[in-house]
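Trainee: For reference, the sequence and a predicted model appear below.
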Amino acid sequence: MSFALGVSLLLVMAANGAPATTLAIGAASVVMFAACWANAARLLGSASALRFVVIAVGAGWFAEQMGSTHGWFFGEYDYTDVLGPRVGNVPFVIPLMWFALTYTGFVMANLIVWHAPLDRAQGVGPAVLLSFLAAMIVTAFDLGADPYFVFVLKAWIMVKTDGAWFGETVQGFLGWMFVAFVIMAAFRLSTRGPAARVPGTFTARHALLPLGIYASGMVFQMIYGHPVEIRSIAPFAMGIPLVCAWAGLQRWHATGGVAA
């Protein structure tokens, strides 16, 4: 359903003469969002997957709306028309990406710590720790993505342009850490207990989707990253958690690799 709605919106945008870059970003975001939602439904069950979507999309939109209007979390900035139609001040693709990226971080953190796509701990402490790790994984992606979106695509304009990270402010990345952490901590703490476990079948093959999304982002940054230093940073910032998650996946696969 989310994919059909997204395609319908893209068709409307195309009919109104949206630029090719806008359509490409919109299409990629919709496909990634729909794929992650379907994957989450298989891993978590439809109800928990929907809860994750609502938390991530809602919190992501709120953070971006407050950021673009009041400078909260990420510093002061203004979106351009590059990312297409908006909900309030926020392009519709941005909240979709918040879900896709936090879900990817969620699965990778579990694979790194527990060698399984779902964590096995029930306490608040492990939930906070895993949420912090997942937020670091998400922010590692943003280290290369943000400069590209700002300086190449010009998807948004930062008020302060002399920040310590290739012109980006450190506040922006602290904001990513905080918002990603809040999303995943809220989801984890709202789904504790046996009822949150996998009701269907999720195999190692299904776990390749979030890993593949993260890997594709890393490869893109290695080829097209801007400034050029990002191309050397990406394989370490994103590659280390990716390799650790891959090792966890292999361990899970070797011990059965099926959650049911």
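Mentor: Perfect, I can see it now. Numbering: from 1, shown residues only.
Trainee: Which stretches in this protein count as strands?
Mentor: 77-79, 86-87, 90-91, 156-158, 202-203, 258-259 (DSSP state E).
Trainee: Tell me which of those lies nearest to Arg42.
Mentor: Proximity to Arg42 (Cβ to Cβ) singles out strand 202-203 among the strands of the chain, at 5.2 Å. For the C-beta atoms, the positions are set from N, CA and C on the backbone; glycine is no exception.
Trainee: now the closest one: mean pLDDT?
Mentor: Mean pLDDT, computed over strand 202-203, is 88.
Trainee: about what we covered before: so which of the strands of the chain is nearest Ala145?
Mentor: strand 156-158 (12.0 Å).
Trainee: Buried residues in the closest one, which are they?
Mentor: Of all the residues in strand 156-158, those buried under the rule 16 or more other Cβ atoms under 10 Å are 156, 158.
Trainee: cool, and stretch 211-225?
Mentor: Quick answer for stretch 211-225 (16+ other Cβ under 10 Å): 211, 213-215, 217-218, 221-222, 225.
Trainee: Check stretch 82-97 too.
Mentor: Neighbour-count burial for stretch 82-97, counted by 16+ other Cβ under 10 Å, picks out 83-84, 86, 90-97.
Trainee: nearest to Ala116, of those?
Mentor: Nearest to Ala116 among the buried residues of stretch 82-97: Met97, at 25.6 Å, using Cβ to Cβ.
Trainee: hang on, the earlier thing: taking the buried residues of stretch 211-225, tell me the two that lie furthest apart.
Mentor: Leu211 and Gly225 (20.0 Å).
Trainee: what's the pLDDT at the residue lying closest to Ala109 once chain neighbours are set aside?
Mentor: Spatially, and ignoring its direct neighbours in sequence, Ala109 is nearest to Ala134 (3.9 Å; Cβ to Cβ, 6 or more residues apart in numbering). pLDDT for Ala134: 98.
Trainee: Use 614 as the first number for this chain going forward.
Mentor: In the new numbering, first residue 614, that becomes Ala747.
Trainee: Please tell me how far Ala747 sits from Ala660.
Mentor: Using Cβ to Cβ, to the nearest Å, Ala747 is found at 21 Å from Ala660.
Trainee: Ok, Val751 next?
Mentor: 24 Å.
Trainee: Of these two, which one has the most company?
Mentor: Val751 (27 against 13; other Cβ atoms under 10 Å).
Trainee: Can you list the buried residues in stretch 779-798?
Mentor: Those would be 779, 781-782, 784-786, 788-790, 792-798, for stretch 779-798 by 16+ other Cβ under 10 Å.
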